[in-house]
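Trainee: sequence and predicted structure below; questions after.
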Amino acid sequence: MIPNHYQTLLNAKANGQKLLAVLIDPDKGNTDTWTTLALLASANQVDLFLVGGSLMVHQQLGACINTLKQHSNIPVILFPGSPAQITPLADGILLLSLISGRNADLLIGQQVQAAAALKQSGLELLPTGYILIDGGAPTTVSYISNTLPIPTNKPEIAALTALAGEQLGLKLIYLEAGSGAKQPVSLETIAAVSGQITVPLIVGGGIRTGKAAYEACKAGADVVVIGTAFEEEPNLLPEMAGAVKAGHKTT
Ligand code: 1GP
């Protein structure tokens, strides 16, 4: 049977289980770093790998995914910065629409360009409303996307943006403070968005401590994404995985 990763996310949400996703930017590593992360992630029951980046300078996407798959059974979901990052080597793809912005190219233009390749790829498609939240300083994703993030003190705008995304049929909402953000998405914003939607909520950007990961889960995140902290210190992984599990609704 072909695994259905979206169903896994829905089941986890229904059971109050929180998930940890490790984000890997293939530009920023090599076989050794990916092997280390894959082994640590397996040992700590990480739920997902997200692979992608805003820019792709080195052609390492395939090598990165192959290394992760060689050393773990954790599903690899593409988190593409552009249609050039589509590869059938992965298990699925966050099919992003940048619904916090008003850049038509990122709302629908790039998706049209990618549609045929996606159909051919056989990848599981996870249509995702991608929402940028101000993380305290300009981020790569805000610069590259040429869009303004939602101000951090406007949780009601984030909540209604997410609700509109769900009403349009998007199956996931991703609240993004930006990779390496000074401040992660506020707990108030996570709670406001979580209170409006029924689809799983992914939260990432600037989460660097177990406490921040735990609090994001308690505020309503269903999936916590961590990239930069593990790039800098892979050995944080056990603590982060424990914090996300401690955030389960049942505990
Ligand atoms: C970025 O949300 C992810 O797209 C993760 O951010 O690198 O800050 O953990 P960090």
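Mentor: Nice, I can see it. In this text the structure is predicted, and so the values were computed from the model without any measurement.
Trainee: beta partners for whatever residue of the chain ends up closest to the ligand?
Mentor: When distances are taken as Cβ to the nearest ligand atom, the chain approaches the ligand most closely through residue 204, which lies 2.3 Å from it. To be clear about C-beta, it is placed using only N, CA and C from the backbone, and glycine gets the same treatment. Applying DSSP bridges to residue 204 yields these beta-bridge partners: residue 176, residue 225.
Trainee: which ones are touching the residue minimising distance to the centre of the chain?
Mentor: Of all residues in the chain, the one closest to the mean position by Cα atoms, centre = their mean is residue 225, 5.3 Å from it. For residue 225, the contacting residues are 21-23, 50, 174, 202-205, 207, by Cβ atoms under 8 Å, 6 or more residues apart in numbering.
Trainee: touching, the residue of the chain closest to the ligand and residue 173? I think so.
Mentor: No - here residue 204 lies out of contact with residue 173, judged by Cβ atoms under 8 Å, at a distance of 11.8 Å.
Trainee: residue contacts, the residue lying closest to residue 144 once chain neighbours are set aside?
Mentor: Closest residue to residue 144 in three dimensions, ignoring its sequence neighbours and counting by Cβ to Cβ, 6 or more residues apart in numbering: residue 54, at 4.9 Å. With contact set as Cβ under 8 Å, 6+ apart, residue 54 has these partners: 81, 140-141, 144, 179.
Trainee: recalculate using a threshold of 6 Å.
Mentor: 81, 140-141, 144 (Cβ atoms under 6 Å, 6 or more residues apart in numbering).
Trainee: cool, residue 196 as well?
Mentor: Taking Cβ under 6 Å, 6+ apart as the contact definition, residue 196 lies against 159, 162-163.
Trainee: and stretch 216-230, what's buried?
Mentor: Of the residues in stretch 216-230, those buried by neighbour count under the rule 16 or more other Cβ atoms under 10 Å are 216-230.
Trainee: equivalent analysis for stretch 206-218, please.
Mentor: Taking 16+ other Cβ under 10 Å as the criterion, stretch 206-218 shows 206-208, 210, 212-218 as buried.
Trainee: filter these down to the ones close to the ligand.
Mentor: Residues of these in contact with the ligand (Cβ under 6 Å from any ligand atom): 206-207.
Trainee: could you dump the buried residues of stretch 206-218 to TSV with pLDDT and secondary structure?
Mentor: Conversion of the buried residues of stretch 206-218 to TSV gives the following (pLDDT from 0 to 100; DSSP: H, G, I helix; E, B strand; the rest coil):
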residue	pLDDT	secondary structure
206	97	coil
207	98	coil
208	97	coil
210	97	helix
212	98	helix
213	98	helix
214	98	helix
215	98	helix
216	98	helix
217	98	helix
218	98	helix
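Trainee: show me the contact partners of stretch 149-160.
Mentor: Here stretch 149-160 makes contact (Cβ under 6 Å, 6+ apart) with 100, 132-134, 142, 186, 188-189, 192-193, 196.
Trainee: now with 8 Å?
Mentor: 100, 131-136, 139, 142, 161, 175, 178, 183, 185-186, 188-189, 191-193, 195-196.
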